[in-house]
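A.B. asks: the following block contains a protein sequence and its predicted model.
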Amino acid sequence: MHIETQIIQATVQEAAAMGAVVPPIYLSTTFERAADGTYPYDYVYSRSGNPNRQALERAIATLEHGTEAAAFASGSAATMTVFQALETGDHVIAPQSVYFGIQEMLRKIFAPWGLAFDLVDTTDLAAVQQAIRDNTRLILIETPSNPQLAVTDIQAVAQLAHAAGAYLACDNTVASPVLQNPLDHGADLVIHATTKYLAGHSDVISGVVVTRELNPLFNQIRLIQGIGGAVPSPFDCWLTLRGLQTLPGRVQTQAANAQRLAEFLSQHDAVEQVLYPGLAEHPGHEIAVQQMSGYGGLLSILVKGNQEIALAVAAEVKLFTRATSFGGPHSLIEHRASIEAPGTQTPVNLLRLSVGLEHPEDLMADLDNALQSVYRP
Ligand SMILES: *Cc1c(COP(=O)(O)O)cnc(C)c1O
């Protein structure tokens, strides 16, 4: 079955009771035991399991070609749980350009807790190999990365990780399961900030970890989910599953729009460089062709000039909203370096564009006007 059909079916099945076409929201925190003490529906208490959460987890596990998924209250909580499932003294390798919140998490929470880590350029396989230590338990990659759109070879890094007895986790937030399935390329875990494309409407913070197989690491993640309780509410799960039904159509349109914008901007006099894996000149294009079926709705541009000029361009757009995050129906523009803390690797002239569902010609005209008004006032 194709992904478009799979996701509608997964949602429809959950709604079948009472003849409803849309699933109900189970707000109940607790579930009745039978006279013999058993739980007829296997639900006990909503922290450890809830019908809306289970429906969401099953749907995303299917879309990512995984065995099981664990949903969390945010993408950050999902990644946090993966780190918490390791032991103190373990070593983690993560990308130099990993999502900034994850760098902060490693530095400020997990280093003091006793987890060693190195941030390396994961697009450079020799650098990954060199960073592996005897105690390396996990390699985390993010491909394409946010906001630099760097592409990491999933299969090659999976081989390095497995040869060292380590797990590979891949943050698939930017691509979504519509365009890339990291588990098929050897990753052990997939992480999503479902806040972005999967929920898709900028109205719910949520996250998920999907596993290829049940192994000690995922069992520990499941344990922490239930005991720690960083779980999404039933309504968060319902919203995320609702958004998921239109994921394939949204992502394909957003990717087509982004490709047109990337091609237009790469010819623009005011733009120094466009970072988008769908462009033939992108350093990761060849690998992207092998592991992705499309290149997504996120792109970054380096404008000619400094931070001031980049901020001036963002100030001039009319259709793009100046805001962080991505994956919603409306286009967003963000100057990343100024939201990340000092010490960021993000260039000061970088603007990140989350391309939405507007008509690409309107978006192109808007960016062209903004760029022209800054460069030819
Ligand atoms: C947004 C994002 C996160 C964090 O997700 P939250 O839901 O905001 O906590 C993690 N990884 C990537 C790649 C992201 O874009």
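C.D. replies: Thanks, I have it.
A.B. asks: for this structure, what spans make up the strands?
C.D. replies: Listed in chain order, the strands of the chain (DSSP state E) span 68-72, 91-95, 116-120, 136-142, 167-171, 189-193, 207-211, 271-275, 298-303, 321-322, 332-335, 350-354.
A.B. asks: the nearest residue to Leu56 once chain neighbours are set aside: how many residues sit nearby?
C.D. replies: Among residues not flanking Leu56 along the chain, Cys237 sits closest, at 4.4 Å (CB to CB, 6 or more residues apart in numbering). C-beta coordinates here come from the backbone N, C-alpha and C atoms, glycine included. Close neighbours of Cys237, defined as other CB atoms under 10 Å, add up to 28.
A.B. asks: relative to the ligand, how far out is Cys237?
C.D. replies: Computed as CB to the nearest ligand atom, to the nearest Å, the Cys237 to the ligand distance reads 14 Å.
A.B. asks: Asn52 is in contact with that residue, correct?
C.D. replies: Yes - between Cys237 and Asn52 there is a contact at 3.9 Å, judged by CB atoms under 8 Å.
A.B. asks: out of the strands of the chain, flag the one nearest the ligand.
C.D. replies: strand 189-193 (3.0 Å; CB to the nearest ligand atom).
A.B. asks: what lines up beside the closest one in the sheet?
C.D. replies: Paired neighbours of strand 189-193 in the sheet (DSSP bridges): strand 167-171 (parallel), strand 207-211 (antiparallel).
A.B. asks: OK, contacts around Val348?
C.D. replies: With contact taken as CB atoms under 8 Å, 6 or more residues apart in numbering, Val348 is in contact with 306-307, 310, 337.
A.B. asks: turn those residues into JSON lines, including neighbour count.
C.D. replies: Compiled in JSON lines, the contacts of Val348 are given as follows (neighbours: other CB atoms under 10 Å):
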{"residue": "Asn306", "neighbour count": "11"}
{"residue": "Gln307", "neighbour count": "15"}
{"residue": "Ala310", "neighbour count": "25"}
{"residue": "Ala337", "neighbour count": "21"}
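A.B. asks: ok, so of these, who is nearest the ligand?
C.D. replies: Using CB to the nearest ligand atom, these come closest to the ligand at Ala337, 16.0 Å.
A.B. asks: check contacts around the closest one.
C.D. replies: Ala337 sits next to 307, 344, 346-348, 350 when contact means CB under 8 Å, 6+ apart.
A.B. asks: how about the stretch 51-200 of the chain: which residue is closest to the ligand?
C.D. replies: The ligand sits closest to Gly75 of the stretch 51-200 of the chain, with a gap of 2.4 Å, by CB to the nearest ligand atom.
A.B. asks: and the contacts of Val348, which of them are in helices?
C.D. replies: Mapping the contacts of Val348 onto helices (DSSP state H) picks out 307, 310.
A.B. asks: right, and Met1 touches Gln9 too?
C.D. replies: Yes - the criterion here is CB under 8 Å, and Met1 meets it with Gln9 at 7.3 Å.
A.B. asks: neighbour count winner among these two?
C.D. replies: Neighbours were tallied for Met1 and for Gln9 using other CB under 10 Å; the higher tally belongs to Gln9 (13 against 8).
A.B. asks: correct me, but that one touches Arg58?
C.D. replies: No - Gln9 lies out of contact with Arg58 (CB under 8 Å); the separation is 11.2 Å.
A.B. asks: and the stretch 51-200 of the chain, which residues reach the ligand?
C.D. replies: 74-76, 99, 101, 142, 146, 171, 173-174, 193, 195-196 (CB under 6 Å from any ligand atom).
A.B. asks: got any ranges where the stretch 1-150 of the chain has weak pLDDT?
C.D. replies: Within the stretch 1-150 of the chain, the ranges that satisfy pLDDT under 70 run 13-17.
A.B. asks: please, where are all the helices along it?
C.D. replies: Taking DSSP state H, counting those that start in this stretch, the helices of the stretch 1-150 of the chain run over residues 3-14, 51-63, 75-84, 100-105, 111-113, 125-131.
A.B. asks: what's around the spatially closest residue to Pro177 that is not a sequence neighbour, how many residues?
C.D. replies: Using CB to CB, 6+ apart and skipping the chain neighbours, the partner closest in space to Pro177 is Leu63 (4.2 Å). Leu63 has 24 neighbours, counted by other CB under 10 Å.
A.B. asks: Leu63: what's it in contact with?
C.D. replies: 3, 6-7, 177, 244, 247.
A.B. asks: rewinding a little: I'd like the contacts of Val348 as JSON lines, with pLDDT appended.
C.D. replies: What follows is the contacts of Val348, written out as JSON lines (pLDDT from 0 to 100):
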{"residue": "Asn306", "pLDDT": "93"}
{"residue": "Gln307", "pLDDT": "93"}
{"residue": "Ala310", "pLDDT": "95"}
{"residue": "Ala337", "pLDDT": "91"}
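A.B. asks: and the closest residue to Gly186 other than its chain neighbours, how many neighbours?
C.D. replies: By the measure of CB to CB, 6+ apart, the closest residue to Gly186 outside its immediate chain neighbours is Ala158, 3.0 Å from it. Applying other CB under 10 Å, we find 22 residues neighbouring Ala158.
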